[in-house]
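1. This is the structure alone, sequence omitted:
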């Protein structure tokens, strides 16, 4: 069985294709979920190549190859300030036949999935975007509810104004006591990584 796997690998990776060139991009898909709510430094991260890597018309890394990494840094979002950050260091690439390579590509981009999280390339970390719009909206909702309730209770503009002030205060207090959004990499999420140096395959 192992001999068959090696023959298949030789078929997609001929002797002339000896390396993954510098600058090669690879699309990876998450096999497990990682979030800054619970992630700790040293936690394992598992992925698979979503598409094959081809060099000079020959496939050197087939799709479905396993990639393993570790969480290098994890920071939760703050209650008042400070965005969530997640650092991932990729370490090994495992071919279908079982052969392993040590790798160290850097993160280039991440599928946002409807969020504002993005890769800070200089730090090789994924950072969640600011929650200013969400916070302002939450304060406005509380203020509007307070105004409506105050107007109904007092049946005057003065009551509505007092209610709006109270509602805004409650909304602001809620924002200050609530953490911002976390970095969430769910199973199936996509990451684009790039090799800053060539990787020898033989």
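-> Perfect, I can see it now. This one's a predicted model, so the numbers in the text were calculated from it and none came from an experiment. Residues are numbered from 1 along each chain as shown.

2. which residues of this protein score low on pLDDT?
-> Confidence mapping of the chain against pLDDT under 70 gives the ranges 1-17, 78-81, 112-114, 131-179, 202.

3. per-domain residue ranges of it.
-> As assigned by automatic domain parsing, the chain contains the domains 2-129+180-200, 132-177.

4. neighbouring contacts of stretch 60-72?
-> 12-13, 17, 19-20, 26, 28, 34, 39-54, 86-96, 103, 124, 201 (Cβ atoms under 8 Å, 6 or more residues apart in numbering). Just so you know, the C-beta spots here come from the backbone N, C-alpha and C atoms, and that holds for glycine as well.

5. Could you pull out the buried residues of it?
-> By neighbour count with 16 or more other Cβ atoms under 10 Å, stretch 60-72 contains the buried residues 60-62, 65-69, 71-72.

6. Just those: which are in strands?
-> Among the buried residues of stretch 60-72, the ones falling in strands (DSSP state E) are 60-61, 66-69, 71-72.

7. thinking again about what came up before, report the buried members of the contacts of stretch 60-72.
-> Here, 16+ other Cβ under 10 Å leaves 12-13, 17, 20, 26, 28, 34, 39, 45, 47, 49, 53, 86-88, 90-91, 93, 95, 103, 124, 201 buried among those.

8. re the thing from before, closest to residue 116 out of the buried residues of stretch 60-72?
-> Nearest to residue 116 out of the buried residues of stretch 60-72 is residue 71 (Cβ to Cβ; 20.7 Å).

9. Spatially, what comes nearest to that closest one if we skip its sequence neighbours?
-> Leaving aside its chain neighbours, residue 71 sits nearest to residue 43 (4.4 Å; criterion: Cβ to Cβ, 6 or more residues apart in numbering).

10. so how far is residue 53 from residue 23?
-> Look at residue 23 and residue 53: by Cβ to Cβ, to the nearest Å, they are 12 Å apart.

11. contacting residues for residue 90?
-> 47, 67-69, 103-105, 193.

12. what's the farthest-apart pair in those residues?
-> It's 47 and 104 that sit farthest apart of the contacts of residue 90, by Cβ to Cβ, at 14.5 Å.

13. Residue 199 touches residue 103, doesn't it?
-> Yes: counting by Cβ atoms under 8 Å, residue 199 touches residue 103, with 5.8 Å between them.

14. quick one, what contacts the residue lying closest to residue 29 once chain neighbours are set aside?
-> Distances taken as Cβ to Cβ, 6+ apart place residue 50 nearest to residue 29, at 4.8 Å, with adjacent residues excluded. By Cβ under 8 Å, 6+ apart, the residues touching residue 50 are 27-29, 63, 190.

15. what does residue 118 give?
-> Contacts for residue 118 (Cβ under 8 Å, 6+ apart) come out as 109-110, 112, 126-127, 129.
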